[in-house]
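Enquirer: This is a predicted model, with the sequence first.
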Amino acid sequence: MHSPLPVLALLSNALIWGLAWWPFRQMLAAGLHPLWATALMYALILAGLTALRPGVWSQVRAAGPALLLLAASSGVNNVAFNWAIGIGDVVRVILLFYLMPAWAVLLAWRILGERPTRVALARLALAFAGVLLVLWPERGGAERLGAALGLADALALLGGFMFALTNVLLRRFQGIPGQARMATMFGGCMAMAFAAALAGQALGAVPALPPFDLAWAGVAVGLAALLMLGNWALQYGASRLAAGTTAVVMLSEVVFASGSSMLAGSSAPTARTLAGGALVVGAALLAALRR
């Protein structure tokens, strides 16, 4: 009999990310913007990784500048997603973020030379149709579509695109040790979050880093520990299951995030949003089952 531990590990990772919107909002309510929270948490995670695996940085240096693109893509992905779930409608953000399998088809075509099949293009059309339903304004037509796109929506779309790029780059750099790639991604998340927070502060869009307060510091430390645990769970589960199985299990993040936000009264999705979400998740599920 197969052990259930790999699936349980993936479910744990999906649960952590599916519920991450709540601590981000708690920190925001305590005065810590999601960008500052992301930067500080990944600084803690990097410190922990360095303490546990001090030789990892020699692996990063040996890999050379090729990892810079991975650092940038994973950093922007994390910054965009964390900012979006901190300020936007959780259900809407998660559904737009999960357009990533569609982006992956286009990016793999361009970067890896994997020409999409007709079935892949059909899934692409299904996913983009779902996004149009999610974004379509309640009143008005296509001419008001741009006006209906809020900051959280744009961040969710950007985050999904950069997550797909990160996955494609991980496949391209699969010859580089996993610990080096992980440290690079964590470093990119920290650097991009600090850069975005400082730029946002200069533009007046992000408040300054507040004075130390246990109200947000305790949440940040707890979430940082959970994110590191989730990363290890993801590596454990994904390394022991088929790629298609992993992708199907990870879709449970949509259920965890949407269900928890609706139960908490933080989201009230319309029928059109749910219908669009069904198309987006359906396209992702078809891609996973095909693998």
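Expert: Structure's in. What do you need?
Enquirer: Look up the pLDDT of the closest residue to Val249 other than its chain neighbours for me, please.
Expert: Excluding its sequence neighbours, the residue lying closest to Val249 (Cβ to Cβ, 6 or more residues apart in numbering) is Leu10, at 4.3 Å. Backbone N, C-alpha and C define where each C-beta goes, glycine included. For Leu10, the pLDDT comes out at 87.
Enquirer: For the strand or helix carrying Leu10, which outside residues touch it?
Expert: Element membership of Leu10, judged by DSSP states H and E, is helix 5-18. Applying Cβ atoms under 8 Å, 6 or more residues apart in numbering, the contact partners of helix 5-18 are 94, 226-227, 229-231, 233-234, 236-238, 240-241, 245-246, 249-257, 260.
Enquirer: Which positions within it qualify as buried?
Expert: Of all the residues in helix 5-18, those buried under the rule 16 or more other Cβ atoms under 10 Å are 6-7, 9-18.
Enquirer: and which of those residues is nearest Leu35?
Expert: Distance ranking of those against Leu35, using Cβ to Cβ, places Trp17 first at 17.7 Å.
Enquirer: what separates that closest one from Ala108, distance-wise?
Expert: 23 Å (Cβ to Cβ, to the nearest Å).
Enquirer: Quick one: name whatever helix or strand follows the strand or helix carrying Ala152.
Expert: Here Ala152 is covered by helix 151-172, with elements defined by DSSP H and E. The first helix or strand that comes after helix 151-172 along the chain, using DSSP H and E, is helix 178-203.
Enquirer: helix or strand right after that following helix?
Expert: helix 214-238.
Enquirer: Just the residues contacting that following helix, thanks.
Expert: 5-10, 12-13, 16-17, 20, 23-24, 26-27, 30-32, 37, 40-42, 44-45, 48-49, 178, 182, 210, 246, 249.
Enquirer: Check which residues of that helix are buried.
Expert: For helix 214-238, by 16+ other Cβ under 10 Å, it's 216, 219-220, 223-224, 226-228, 230-231, 233-234, 236-238.
Enquirer: Also stretch 262-269?
Expert: Quick answer for stretch 262-269 (16+ other Cβ under 10 Å): 267, 269.
Enquirer: Report the mean per-residue pLDDT for that stretch.
Expert: The model assigns stretch 262-269 a mean pLDDT of 81.
Enquirer: what's the first-to-last distance across that stretch?
Expert: 8 Å (Cα to Cα, to the nearest Å).
Enquirer: Stretch 100-116 now?
Expert: 15 Å.
Enquirer: Report the rounded mean pLDDT for that stretch.
Expert: pLDDT averaged over stretch 100-116 gives 78.
Enquirer: Give me the contact list for it.
Expert: The contact list for stretch 100-116 (Cβ under 8 Å, 6+ apart) reads 120-121, 123-124, 127-128, 160-161, 163-165, 167-169, 171-172, 247, 283-284, 287-288.
Enquirer: how about a cut-off of 10 Å?
Expert: 73, 77, 117, 120-128, 130-131, 157, 159-169, 171-172, 247, 251, 280-281, 283-288 (Cβ atoms under 10 Å, 6 or more residues apart in numbering).
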